[in-house]
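Trainee: return a 3D structure for these sequence lines:
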Amino acid sequence: MLRTERMYKVTIACAKKYMEEVIESLYNLGCLHIKEYEMTDSFFDIGKPFERAERISKLLLKLRNLLNTLSAVENCDHKKKGEFKTFVELEEWCDKLAERVDGLNLRIKELEDEMSKIRSQLQQLQLIEKLGLNPRELWDYETIEWRIVHTRNKELLSNLQKNREKFVELRVTEHEKGWLIATFYKKENRRDVEKILARYDHRIVDVSDISNLDVSVAELRKKLLREKEELRSQIEKLKRELKKLATESTPVLRYWINVLQEEAEKAEAPLKFASSENAFIISGWVPKKNSEILRKSLEKITNGKVFIRFDEIDERKEDAPVKFAHPKGVDNFQALMEMYSFPKYSEIDPTLFVAITFPIYFGFILGDVGYGLACLFAFLLIKKKMPQLKKIVNVFIFSAVVTIFFGFIYGEFFGMNEIMGFRLPTLIHRVHDTMTLLYLAVAIGIVHVNLGFILGAINEYRLYGIKKALLEKISWILIEVGAVLWYSSSKSYISLPWELGASVTIISVLMLAVGEGIKGVVELPTLFSHTLSYARLMGAGVASAGLAMVINSTATGFVAKGPVYIIFAIMLVVFGHIFNIMLGILEGFLHSIRLNYVEFFTKFFIGGGFPYNPFGRKKE
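Mentor: Residues are numbered from 1 along each chain as shown. Predicted structure coming up:
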């Protein structure tokens, strides 16, 4: 539980004629993390993918594009396969489906374009109707021209009216904080009209879609609305057909995309192998518990004509992939580790300690029975609605339970010390016993920080020996012990000579200087600052409790003012406590994470490991 799953380094060598069988077997086992071959030997080249790889990739791309085009239907039957005996049949079905889908989409677009044109015609019709015109008047005359403009410039309107003699007809109506103007003029006056218009801001109103039509406004509107309704009906029918097609085809597409992804992975696997003309070599890592099944499987399919070697990993010189090995419950906290970094294969996995301390720090800060119950209900609801967030939500569910536990210690229920008339016993009052909380928080910090040094010492001892563990990690603990002895004896709290504590401290500092150099000596103040950093548990918790009390007392004051203020009191209590809970969740998360990442991990954790990613079929 404190180490990631133990691995063997494995080397597999075999004749090329067994390559497909070996790949298939490894894929089905799903336990070998393959290390990509890097050309360091002129005798071996990087392997080449199977010939079918390119065709599979192209077909896979087709299916994915088709799935995106169909806007994948949720909650469909993923097991529906379709009856295809070969990839050729699948490709033919895919091409026919794509042709049908493209045809439907093209027809829908054509109809929507027609619908858009009709909407434009209706808008244009509305404008000319506002001017008192009809399509019969907007004709291409032999001697008369017309144009409709919109302007917000009053001077343009005045100028047009002053030059009325140049127009056969001039119609004006208010429109969009300006004026809509229809001008009819003889062709010989075109230049004069254009000069007038050019002096002022205006825009030409396009009504070309409804001009030169021998119909009235009412007749044209009726015709357009009828056509619009017919188009809407056709579009809906085609969309229903497309949706039906998507419902039928999506599960088949998804199934075969998964199949092709597997086939593509297998077809491209040789790219990770070392290969010669007649043989290939695979290097990688396998969990120790899977080593025998791997050996037996490969020997069976090759009739024993395969070379397999399992080597222990030299943790001082070599790295290996990280596969967490946690019991149920603790595994939820892997998400917090992945947010920071994977541990190296050679070091202690701190996930268990995070699983213990994170909920405790969270509950220490939020500590309220009512708040804990509210969080528990909210997180259970989120877990049900968003199962993909199950693991991280479980972290907060554990933390909510611990919050309830601390709520009973503090004797708090939504900032009050009673539940429906039952008075809660109070072991520590957060507002009155702040010093007790401070001492408790700092004590937790001392334990947590020194646990980090102990884990660091174990890591150093395992990798580099007892000397490095003593000089670089245990020296920090001895500095603390010496300082405590020195202070306690000088104040006569204990009957030991102060010189003993001083000697232990000085010797420990010298040990640290030898182990970590000047860097270790310079970082000595962090021993004090990191321990005091745990006082944030007290500070954030007291702030949360204080705000809850202010909300309750203010609401009580409103109630005392009379019935009219009760509604304000209820709103204050509801929204005030919701805000305080959300703030508490944020603070609980950030402070709990920070105390682990900064104050704890920096004492021992190296990180930078890479995750175990086995070649093969993923287990559901």
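Trainee: gap between Met386 and Met538?
Mentor: Computed as C-beta to C-beta, to the nearest Å, the Met386 to Met538 distance reads 34 Å. Where you see a C-beta, it was placed from the backbone N, CA and C, and this is true even at glycine.
Trainee: who has more neighbours out of the two?
Mentor: Neighbour comparison, Met386 and Met538: the larger count goes to Met538, with 23 against 11 (by other C-beta atoms under 10 Å).
Trainee: for the one helix or strand the more buried one maps to, enumerate the helices and strands it packs against.
Mentor: Secondary-structure assignment from DSSP states H and E places Met538 in helix 535-560. Contacts defined by 3 or more C-beta pairs under 8 Å, 6 or more residues apart in numbering; DSSP states H and E place helix 535-560 against helix 351-366, helix 434-464, helix 566-594.
Trainee: what residues of the first one count as buried?
Mentor: Just to be clear, that refers to helix 351-366. Using 16 or more other C-beta atoms under 10 Å as the test for burial, helix 351-366 gives 351, 353-355, 357-366.
Trainee: could you do the longest one as well?
Mentor: Of the residues in helix 434-464, 434, 437-438, 440-442, 444-445, 448-461, 463 count as buried by neighbour count, 16+ other C-beta under 10 Å.
Trainee: buried ones in the helix or strand that it is followed by, by neighbour count?
Mentor: Past helix 434-464, heading to the C-terminal end, the next element that is a helix or strand (DSSP H and E) is helix 466-469. Buried residues in helix 466-469, counting neighbours by 16+ other C-beta under 10 Å, are found at Ala469.
Trainee: in the helix or strand just after helix 466-469, what's buried?
Mentor: With elements assigned by DSSP H and E, the helix or strand that comes after helix 466-469 is helix 475-490. Going by neighbour count (16+ other C-beta under 10 Å), the buried part of helix 475-490 is 475-480, 482-483, 485-486, 489.
Trainee: roughly how far is helix 475-490 from the heart of the chain?
Mentor: Using C-alpha atoms, centre = their mean, to the nearest Å, we find the averaged C-alpha position of helix 475-490 to lie 46 Å away from the chain's own average C-alpha position.
Trainee: same thing with stretch 461-478?
Mentor: Centre-to-centre, stretch 461-478 and its host chain are 40 Å apart (C-alpha atoms, centre = their mean).
Trainee: end to end on that stretch, go ahead and measure it.
Mentor: Chord length of stretch 461-478, first to last residue, is 17 Å (C-alpha to C-alpha, to the nearest Å).
Trainee: now do stretch 160-168
Mentor: Taking C-alpha to C-alpha as the criterion, the two ends of stretch 160-168 lie 12 Å apart.
Trainee: could you list the residues in contact with that stretch?
Mentor: In this structure, residues lying in contact with stretch 160-168 by C-beta atoms under 8 Å, 6 or more residues apart in numbering are 144, 170, 181, 183-186, 189, 192-193, 196.
Trainee: filter those residues down to the buried ones.
Mentor: The neighbour count (16+ other C-beta under 10 Å) marks 170, 181, 183-185, 189, 193, 196 as buried among the contacts of stretch 160-168.
Trainee: residues in contact with the residue nearest to Gly367 when sequence neighbours are not counted?
Mentor: Sequence neighbours aside, Phe406 is the residue nearest to Gly367 in space, at 3.3 Å (criterion: C-beta to C-beta, 6 or more residues apart in numbering). When the contact criterion is C-beta under 8 Å, 6+ apart, the partners of Phe406 are 363-364, 366-368, 372.
Trainee: quick one: pLDDT of the residue of the chain positioned farthest from its centre?
Mentor: Relative to the centre of the chain, and counting by C-alpha atoms, centre = their mean, the farthest-placed residue is Glu165 at 70.5 Å. The per-residue pLDDT reported for Glu165 equals 90.
Trainee: mind checking the SS state of it?
Mentor: Here Glu165 is recorded as helix under DSSP: H, G, I helix; E, B strand; the rest coil.
Trainee: any idea how far it lies from Lys186?
Mentor: As defined by C-beta to C-beta, Glu165 lies at a distance of 11 Å from Lys186.
Trainee: tell me, how many residues neighbour Glu472?
Mentor: A count of nearby residues for Glu472, using other C-beta under 10 Å, gives 21.
Trainee: please name the nearest non-neighbouring residue to it.
Mentor: Spatial nearest neighbour of Glu472, excluding adjacent residues (C-beta to C-beta, 6+ apart): Gly515 at 4.0 Å.
Trainee: residues touching the one you found, list them.
Mentor: Going by C-beta under 8 Å, 6+ apart, Gly515 touches 468, 470-472, 475.
Trainee: export those residues to TSV and tack on pLDDT and distance to Ser120?
Mentor: What follows is the contacts of Gly515, written out as TSV (pLDDT from 0 to 100; distance: C-beta to C-beta, whole Å):
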residue	pLDDT	distance to Ser120
Lys468	94	80
Leu470	95	85
Leu471	94	83
Glu472	94	78
Ser475	95	82
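Trainee: residues touching the residue nearest the centre of the chain, list them.
Mentor: Most central in the chain under C-alpha atoms, centre = their mean is Leu389, positioned 9.8 Å from the mean C-alpha point. Neighbour list for Leu389: 382-383 [criterion: C-beta under 8 Å, 6+ apart].
Trainee: and Asn596, how close does it get to Glu110?
Mentor: Taking C-beta to C-beta as the criterion, Asn596 is separated from Glu110 by 60 Å.
Trainee: looking at those two, which one has more neighbours?
Mentor: With other C-beta under 10 Å as the criterion, Asn596 and Glu110 differ in neighbour count, and Asn596 comes out ahead with 23 against 12.
Trainee: poorly predicted segments of the stretch 1-150 of the chain, please.
Mentor: Applying pLDDT under 70 to the stretch 1-150 of the chain flags the ranges 41-42, 72-81.
Trainee: recalculate using a threshold of 80.
Mentor: Within the stretch 1-150 of the chain, the segments meeting pLDDT under 80 span 1, 39-43, 71-83, 85.
Trainee: so where do the strands sit in the stretch 151-300 of the chain?
Mentor: 169-175, 178-186, 203-204, 274-275, 279-287 (DSSP state E, counting those that start in this stretch).
Trainee: on that earlier part again, redo the buried ones among the contacts of stretch 160-168 as a markdown table? Include pLDDT.
Mentor: Formatted as a markdown table, the buried ones among the contacts of stretch 160-168 follow (pLDDT from 0 to 100):
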| residue | pLDDT |
| --- | --- |
| Leu170 | 93 |
| Ile181 | 94 |
| Thr183 | 94 |
| Phe184 | 94 |
| Tyr185 | 93 |
| Asn189 | 92 |
| Val193 | 92 |
| Ile196 | 92 |
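Trainee: tell me the one of those nearest Thr426?
Mentor: Proximity of the buried ones among the contacts of stretch 160-168 to Thr426 (C-beta to C-beta) peaks at Ile181, which lies at 81.1 Å.
Trainee: so that closest one makes contact with Trp146?
Mentor: No - using C-beta atoms under 8 Å, Ile181 is not in contact with Trp146, being 10.9 Å away.
Trainee: and the average pLDDT for stretch 326-339 is what?
Mentor: According to the model, stretch 326-339 has a mean pLDDT of 92.
Trainee: so how far is it off the chain centroid?
Mentor: 17 Å.
Trainee: pop the domain breakdown of this structure in here.
Mentor: When the chain is parsed into structural domains using automatic domain parsing, the resulting residue ranges are 1-47+273-323, 48-130+220-267, 139-206, 330-603.
Trainee: and the last one, end to end?
Mentor: Which is domain 330-603. According to C-alpha to C-alpha, domain 330-603 extends 22 Å from its N-terminal end residue to its C-terminal end residue.
Trainee: redo the helices and strands packed on helix 535-560 as CSV? Include distance to Leu260.
Mentor: What follows is the helices and strands packed on helix 535-560, written out as CSV (distance: least, C-beta to C-beta, whole Å):
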stretch, distance to Leu260
helix 351-366, 36
helix 434-464, 44
helix 566-594, 41
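Trainee: those helices: which one's closest to Thr526?
Mentor: When the helices and strands packed on helix 535-560 are compared for distance to Thr526 using C-beta to C-beta, the nearest one is helix 434-464, at 9.6 Å.
Trainee: sheet partners, orientation included, of the lowest-mean-pLDDT helix or strand in the chain?
Mentor: Every helix and strand of the chain was ranked by mean pLDDT, DSSP states H and E. The lowest is strand 418-419, at a mean of 80. Using DSSP bridges, strand 418-419 pairs in its sheet with strand 422-423 (antiparallel).
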